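> dropping the sequence and predicted coords here.
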Protein chains: 4
Amino acid sequence: MGPVVSTCFRVRYGETDQMGFVFNAHYLTWFEMGRTEYCRALSRPYTLWEKEGLFLPVVEASIRYKNPLRYDDRVRLKTSVREVTPYSITFAYKVIREEDSRVAAEGSTKHAFCDRSGKLAREPEPFYGWVLKQLEQTMEEVVPRERKTDIARE
Amino acid sequence: MGPVVSTCFRVRYGETDQMGFVFNAHYLTWFEMGRTEYCRALSRPYTLWEKEGLFLPVVEASIRYKNPLRYDDRVRLKTSVREVTPYSITFAYKVIREEDSRVAAEGSTKHAFCDRSGKLAREPEPFYGWVLKQLEQTMEEVVPRERKTDIARE
Amino acid sequence: MGPVVSTCFRVRYGETDQMGFVFNAHYLTWFEMGRTEYCRALSRPYTLWEKEGLFLPVVEASIRYKNPLRYDDRVRLKTSVREVTPYSITFAYKVIREEDSRVAAEGSTKHAFCDRSGKLAREPEPFYGWVLKQLEQTMEEVVPRERKTDIARE
Amino acid sequence: MGPVVSTCFRVRYGETDQMGFVFNAHYLTWFEMGRTEYCRALSRPYTLWEKEGLFLPVVEASIRYKNPLRYDDRVRLKTSVREVTPYSITFAYKVIREEDSRVAAEGSTKHAFCDRSGKLAREPEPFYGWVLKQLEQTMEEVVPRERKTDIARE
């Protein structure tokens, strides 16, 4: 399963709906944040892959919603790689409410390896070797500060 | 002008559009984050106000877009209070790209003071006194860590 | 499986991302539109259910993305009911690009029957009887005009 | 002021927030739909402009929110051109709740004329001449059916 990258953020007001909970579609937006932070935390930002001509369109997504989340809830999103095939990578996600460590949702997204023209790419390097290597490694914990709030008087 | 609260975050992939830049509507979503963090940083989370029966629906919004933002750009959103009247509060926002300190956008949102039923409320306490007091104060800088990414092996 | 309700709309600019295609999360937003139009087309708007105290939070969602969609593509969303159990209903969706009848995506969402307090409800009437009756019926085609564009000089 | 193009649609569930009304940012997304339908109704789809190398990034936006909208409300969005300069075009919007013809919001967006590289373009043809001609004309009303819902048994 390799490393698990945690990203923490808060639910935005606009992510709630009239039921008072986070609208179901936003979890997929969060999953993208999870993939982005996974690649960055392991030192290869996703922007690099696109610049090198590798695109990872989603071909499958699934989510099980277990407990609702509310505005301003602190969320911990745990992202890992579940499977790599010559033509695809599958990420797994766990969405946790920080306050009580309750699992809010679990899900996965499967991505095809594609080149700039949208054609399927087999074992695209250097991504393919990089990701396989990640899965073999035990990573130490790193805690880069990714968001901060500060107050100043201007 | 009182305190200025900075919140830092990264542009999400889903916030870009086919032009390659952040779609214009998302700035308003970010402004809401700015208001939320402003209240929290000054120790009164916005969730409290709603629980106490004060709602702040947006009655006006304006944005000037100056420089486009791209996926994964680090953004610093500076939020302050521009004006308080007996029936409204106006927040001002500056969106800055961290990489080069370039201003991406500036804007403001004006909010009516409303009670739970949606009726206009004059100088609603304790919010009204609280916010006026903030505007008089010089705040020290506080840097709570609001987002973090970490890696673990599970 | 009972009636299939088609809803047609166009891809919004803000629904695309920098890859030039519709961002994956928006399909879930569309699925909600499909459910809404399904209930309305069969003469019981979803707003009525909520007023009567029945809520249908999503507990599972899955999507297979087959062909990308672009800005301004005309989309036909076909919604039907796949399964009803005493505690849940599962909707199935097919997203079709009108221009060439190509399937863009397929998916499903499973919803729990819940009361206003969020508690699971068994065979909630009148919804439960209504939906079972729909599944038995062959519906005639109805074509209410749901969107129109017109030009006037003011 | 030239032609006024009306587009009708319904509020999506995911466009509401926990206050029970449409979240403020979505109006800007709707304004984009209004521009799109304006160009199409006047027989030059916006997709054409981008293909011909003209881009219209938003440089200013403003909205006055007058009455809240709820889930499933039918909305009529009236779009017109307020001003054209050699370097920009300003669209004006009126958002109306169909049920009672109440104005929900009014707003405008100003767009720069840019080429593919993002550089400002002066009086870009054929767009510039086309839009000026529109403003002189009195248009007859046309009512293309833009959305429909139908039921079938498969």
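Ah, there it is.

> part of a strand, is residue A:29?
No. Looking at residue A:29 with DSSP: H, G, I helix; E, B strand; the rest coil, it is helix, so not inside a strand.

> please enumerate the strands of chain A.
Taking DSSP state E, the strands of chain A run over residues A:3-10, A:58-65, A:74-85, A:88-97, A:102-112, A:145-153.

> adding distance to chain D, mean pLDDT and mean neighbour count, write those out as a markdown table.
Every residue, glycine included, has its C-beta placed from N, CA and C. Converted to a markdown table, the strands of chain A look like this (distance: least, CB to the nearest CB, whole Å; pLDDT from 0 to 100; neighbours: other CB atoms under 10 Å in any protein chain shown):
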| stretch | distance to chain D | mean pLDDT | mean neighbour count |
| --- | --- | --- | --- |
| strand A:3-10 | 14 | 94 | 22 |
| strand A:58-65 | 14 | 98 | 21 |
| strand A:74-85 | 16 | 95 | 19 |
| strand A:88-97 | 16 | 97 | 20 |
| strand A:102-112 | 16 | 98 | 19 |
| strand A:145-153 | 20 | 55 | 18 |
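
> residues contacting the spatially most central residue of chain A?
Most central in chain A under CA atoms, centre = their mean is residue A:34, positioned 1.7 Å from the mean C-alpha point. Applying CB atoms under 8 Å, 6 or more residues apart in numbering or on different chains, we find residue A:34 in contact with A:5, A:7, A:77, A:78, A:79, A:91, A:93.

> and if we set it to 7 Å?
A:7, A:77, A:79, A:93 (CB atoms under 7 Å, 6 or more residues apart in numbering or on different chains).

> next one, pLDDT for it please.
Looking at residue A:34, its pLDDT is 96.

> bridging residues for the residue nearest to it when sequence neighbours are not counted?
Sequence neighbours aside, residue A:79 is the residue nearest to residue A:34 in space, at 3.5 Å (criterion: CB to CB, 6 or more residues apart in numbering or on different chains). Beta-bridge pairing of residue A:79 under DSSP bridges involves residue A:5, residue A:93.

> what about residue A:86, how many neighbours?
By the measure other CB atoms under 10 Å in any protein chain shown, the count of residues near residue A:86 is 11.

> quick one: it and residue A:123 touch, right?
Yes. Contact between residue A:86 and residue A:123 holds when scored by CB atoms under 7 Å: they sit 5.0 Å apart.

> circling back: redo the strands of chain A as CSV? Include distance to residue B:38.
Listed next are these as CSV, based on distance: least, CB to CB, whole Å:
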stretch, distance to residue B:38
strand A:3-10, 13
strand A:58-65, 31
strand A:74-85, 17
strand A:88-97, 23
strand A:102-112, 26
strand A:145-153, 9
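
> which positions in chain A make contact with chain C?
A:19, A:24-26, A:28-29, A:55, A:57-65, A:68 (CB under 7 Å from any CB of the partner chain).

> can we see that at 10 Å?
When proximity is defined as CB under 10 Å from any CB of the partner chain, chain A approaches chain C at A:17-21, A:23-32, A:50, A:55-66, A:68, A:105, A:107-112, A:114, A:118.

> coming back round to it: looking at the strands of chain A, which is nearest to residue A:42?
strand A:3-10 (6.5 Å; CB to CB).

> give me the angle between that closest one and strand A:74-85.
150 degrees (axes from the mean of the first three to the mean of the last three CA atoms, to 10 degrees).

> elements contacting strand A:3-10?
Secondary-structure packing of strand A:3-10 (3 or more CB pairs under 10 Å, 6 or more residues apart in numbering or on different chains; DSSP states H and E): helix A:26-41, strand A:74-85, strand A:88-97, strand A:145-153, strand B:3-10, helix B:26-41, strand B:145-153.

> any chance of those in JSON lines, with distance to residue D:99 too?
Output for the helices and strands packed on strand A:3-10, formatted as JSON lines (distance: least, CB to CB, whole Å):
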{"stretch": "helix A:26-41", "distance to residue D:99": "29"}
{"stretch": "strand A:74-85", "distance to residue D:99": "37"}
{"stretch": "strand A:88-97", "distance to residue D:99": "37"}
{"stretch": "strand A:145-153", "distance to residue D:99": "42"}
{"stretch": "strand B:3-10", "distance to residue D:99": "38"}
{"stretch": "helix B:26-41", "distance to residue D:99": "25"}
{"stretch": "strand B:145-153", "distance to residue D:99": "42"}
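
> for residue C:134, find the nearest of the ones you listed.
That would be helix A:26-41 among these, by CB to CB, at 29.0 Å.

> how far is that closest one from where the chain is centred?
2 Å (CA atoms, centre = their mean, to the nearest Å).

> again, but for stretch A:80-98
For stretch A:80-98, the distance to the chain centre is 8 Å (CA atoms, centre = their mean).
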